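>>> Starting from these lines, generate the structure:
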Amino acid sequence: MDLEIQQRVKDLTEKYGAENIVVLLGGAEAEAAGLSAETVTAGDPTYAGPLAGISLGLMVYHVLEDEVRNEFDPEVYDEQCGLMEMVLDVDAIKQEVGSIREQYTQFKD
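Coordinates of the predicted model:
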């Protein structure tokens, strides 16, 4: 997650409160999605960005997770994400983001 996005997440969290923020990821690799999920929950693990050492505990999901998929019109979801589901390691992404969410999210839905 780049530094500009980290700052935007931090600013929005300060403005609206962490309990009112849900982060939706779309990274194509499990490791990258996990790193982004960790950044918005436990803080930037690289200690390079605005969220270094800041544990926001935000609720975080990947767009390919069932909890997210079920919120969309099926036709729209298939049009926008169907190809992703066919070519990505969806199970690895779900496992990685879900694990980070379970460990660090402070706000359960």
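
>>> what's next to the strand or helix carrying residue 102, contact-wise?
Assigned by DSSP states H and E, residue 102 belongs to helix 90-104. The contact list for helix 90-104, computed with CB atoms under 8 Å, 6 or more residues apart in numbering, reads 25, 27, 29-31, 33-34, 37-38, 41-42, 55, 57, 59-62, 64-66. Just so you know, the C-beta spots here come from the backbone N, C-alpha and C atoms, and that holds for glycine as well.

>>> same thing but 6 Å
30, 33-34, 37-38, 41-42, 60, 62, 64-65 (CB atoms under 6 Å, 6 or more residues apart in numbering).

>>> how close does the residue lying farthest from the centre of the chain sit to residue 81?
Outermost residue of the chain with respect to the C-alpha centroid, by CA atoms, centre = their mean, is residue 75; its distance is 23.0 Å. Applying CB to CB, to the nearest Å, the value for residue 75 to residue 81 is 11 Å.

>>> what about stretch 18-33, average pLDDT?
Averaging pLDDT along stretch 18-33 gives 96.

>>> Pull up the distance across that stretch, start to finish.
20 Å (CA to CA, to the nearest Å).

>>> Mind listing what's buried along it?
18, 21, 23, 25, 27, 30, 33 (16 or more other CB atoms under 10 Å).

>>> Before we go further, the third one is sitting in a strand, right?
Yes. With the criterion set as DSSP: H, G, I helix; E, B strand; the rest coil, the secondary structure at residue 23 is a strand.

>>> Let me see the contact set for it.
40, 58, 60.

>>> mind listing which of the residues you listed are in helices?
residue 40 (DSSP state H).

>>> ranking the contacts of residue 23 by neighbours, who comes first?
Neighbour tally across the contacts of residue 23 (other CB atoms under 10 Å): the maximum, 30 neighbours, falls on residue 40.
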